[in-house]
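Enquirer: quick one: sequence plus predicted model below, questions after.
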Amino acid sequence: MSEALTTPGEGFHPHLHDTQDHAATPLRSRLHHIRADALDGDTAQSGGMRRFAAVSGRTVGSEKLWMGQTHVAPATASSDHHHGESETAIYVVSGHPEFVFLDDTGEQPEEVRLRTSPGDYIFVPPFVPHREENPDPAEEAVVVIARSTQEAVVVNLPGLYALPADGA
């Protein structure tokens, strides 16, 4: 095909405009391919798990997104933690990790355990303390994580408790 299917500002993406006059930084003017063997392990960590960055401000120049993998060894639990103001989406690749948090919507806080399988998703709102556990004695659990901040915000906590509504 020698002819464009749409012109800027029309068709499927009417919100896009011709941006030839807009100078883009080198990291933000091309696609990035992050190979599985090139994930960056130099990121925020919690005990009992290893996080690996694929997409971050440092690796590709992202401004609003962090994405990577977390590996939880067999028969291991992470430290209790939260991710600050970041929203976190989790996709279970392998294993059967469990996600534990305190539900404080009732009269007494109650520990809730979400048991997952490959293909499941978990959403973690900002400032919600939780931990990941891998009860399997032999198989590592692997998840893909996307966050609404450009780096892996991790605040390790001394215990699992519900934070006040303002996140303090």
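Expert: Arrived safely.

Enquirer: how many other residues sit next to the residue lying closest to residue 34 once chain neighbours are set aside?
Expert: If you skip the residues right next to it in sequence, residue 34 has residue 54 as its closest partner in space, 4.5 Å away by Cβ to Cβ, 6 or more residues apart in numbering. (C-beta placed from N, C-alpha, C; glycine too.) When neighbours are counted by other Cβ atoms under 10 Å, residue 54 registers 20.

Enquirer: and for residue 104?
Expert: Applying other Cβ under 10 Å, we find 14 other residues in the vicinity of residue 104.

Enquirer: likewise the one 10 residues further on?
Expert: Residue 114: 12 surrounding residues under other Cβ under 10 Å.

Enquirer: which other helices and strands contact the helix or strand harbouring it?
Expert: Using DSSP states H and E, the secondary-structure element containing residue 114 is strand 110-115. Using 3 or more Cβ pairs under 8 Å, 6 or more residues apart in numbering; DSSP states H and E, the elements in contact with strand 110-115 are strand 98-103.

Enquirer: and the strand it packs on, what's buried?
Expert: Neighbour-count burial for strand 98-103, counted by 16 or more other Cβ atoms under 10 Å, picks out 98, 99, 100, 101, 102.

Enquirer: what do you get for stretch 57-74?
Expert: Buried residues in stretch 57-74, counted by 16+ other Cβ under 10 Å: 57, 59, 60, 61, 62, 66, 67, 68, 69, 70, 71, 72.

Enquirer: end to end, how far does that stretch reach?
Expert: Criterion Cα to Cα, to the nearest Å; first-to-last residue distance in stretch 57-74 is 31 Å.

Enquirer: what is the mean pLDDT for it?
Expert: For stretch 57-74, mean pLDDT rounds to 87.

Enquirer: starting at the chain centroid, how far to it?
Expert: How far stretch 57-74 lies from its chain's middle: 7 Å, per Cα atoms, centre = their mean, to the nearest Å.

Enquirer: try stretch 141-157
Expert: When distances are taken as Cα atoms, centre = their mean, stretch 141-157 is centred 4 Å away from the chain's centroid.

Enquirer: and it, C-alpha only, in PDB?
Expert: This file holds the C-alpha atoms of stretch 141-157, laid out as PDB (Å, rounded to 0.1, in the frame of the first residue of the first chain):
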ATOM      1  CA  ALA A 141       6.100 -18.300  41.200                       C
ATOM      2  CA  VAL A 142       6.500 -15.700  38.500                       C
ATOM      3  CA  VAL A 143       4.300 -12.600  37.900                       C
ATOM      4  CA  VAL A 144       4.400  -9.700  35.500                       C
ATOM      5  CA  ILE A 145       3.800  -6.300  37.200                       C
ATOM      6  CA  ALA A 146       2.800  -3.000  35.700                       C
ATOM      7  CA  ARG A 147       2.800   0.200  37.900                       C
ATOM      8  CA  SER A 148       1.500   3.700  37.300                       C
ATOM      9  CA  THR A 149       4.800   5.200  38.300                       C
ATOM     10  CA  GLN A 150       8.000   5.100  36.300                       C
ATOM     11  CA  GLU A 151      10.000   3.300  39.000                       C
ATOM     12  CA  ALA A 152       9.200   0.300  41.300                       C
ATOM     13  CA  VAL A 153       8.000   2.100  44.400                       C
ATOM     14  CA  VAL A 154       8.300  -0.200  47.400                       C
ATOM     15  CA  VAL A 155       7.800   0.700  51.000                       C
ATOM     16  CA  ASN A 156       8.700  -2.200  53.300                       C
ATOM     17  CA  LEU A 157       6.700  -2.400  56.500                       C
END
